[in-house]
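Novice: build me a structure from this.
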Amino acid sequence: MAVEMKWYVYRAVSGKEAKVKEYIEGGIQNGLYDGNVAQVLIPTEKVYTQRGSKRVIKERNFLPGYVLVEARMIGETAHLLRSTPNVLGTIGEAQPHEINRLLGKVDEMQEEILDMTIPYNVGDKVKVTDGPFGGFSGVVEDVDNAKKKLKVMVKVFGRNTPLSLGFMQVEREG
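Specialist: Residues are numbered from 1 along each chain as shown. Predicted coordinates for the structure are as follows:
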């Protein structure tokens with residue numbers, strides 16, 4: 001009877017989660033765990049901030065100090081994982097519903113725009129930075145903060161054309 005893979009939570013030195021992940025992934029590739037470790041995950045979230053006129057996207061740990069490992073605890077696997085550099089110990093097995101919720105939360109956060117405070121106002125001059133109209137300049141006609149969307153009037157071939165764009169597709173001009 002094959003032992004099924006389960007998720008385990010490991011406590012890591014804060015700030016060294018990426019090193020732990022890199023080390024374990026190297027062990028997976030080199031066959032160190034005899035196929036008993038499937039994957040390593042560091043739950044992260046994308047955070048968008050504004051610095052002057054530039055938008056900066058940073059990734060930060062959603063659960064600092066923790067690394068999730070999908071593994072079968074057979075033979076030396078548990079000992080090898082616990083003795084990984086920068087691993088402080090194991091918290092134990094994670095419940096499937098917790099992992100699904102966490103993975104769902106992480107996926108959801110990858111798509112969401114978080115911590116965004118980029119106020120655009122009607123009448124602001126903006127430049128389109130993304131999409132087929134990249135490089136065109138226009139004027140903000142409407143702002144939908146809830147959907148993070150702007151209605152921008154852009155001159156295309158001498159005619160005003162309204163575009164619906166996300167906050168991340170434009171930057172303030174001038």
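
Novice: so which residues of this protein form strands?
Specialist: For the chain, strands defined by DSSP state E occupy the ranges 6-12, 37-41, 44-51, 54-61, 66-71, 87-93, 125-128, 137-144, 149-156, 159-166, 170-172.

Novice: contact partners of the shortest one?
Specialist: Outside of strand 170-172, the residues that reach it under the criterion CB atoms under 8 Å, 6 or more residues apart in numbering are 53-55, 120, 124-129, 150, 152. Backbone N, C-alpha and C define where each C-beta goes, glycine included.

Novice: try 6 Å this time
Specialist: Residues from elsewhere that reach strand 170-172, judged by CB atoms under 6 Å, 6 or more residues apart in numbering: 53, 126-129.

Novice: take the residues you listed and, keeping just the buried ones, write it as a ChimeraX select command.
Specialist: Remark: buried members of the contacts of strand 170-172, expressed as a ChimeraX selection using 16 or more other CB atoms under 10 Å:
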select :126,127,128
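
Novice: any regions of this protein where pLDDT drops low?
Specialist: 1-2, 103-119, 174 (pLDDT under 70).

Novice: and with 90 instead?
Specialist: Where the chain drops to pLDDT under 90, the residues are 1-4, 14, 42-64, 75, 90-122, 128-136, 143-150, 155-174.

Novice: still on that earlier bit, quick one, which of the strands of the chain is packed in tightest?
Specialist: Greatest average neighbour count among these goes to strand 66-71 (a mean of 22), per mean count of other CB atoms under 10 Å.
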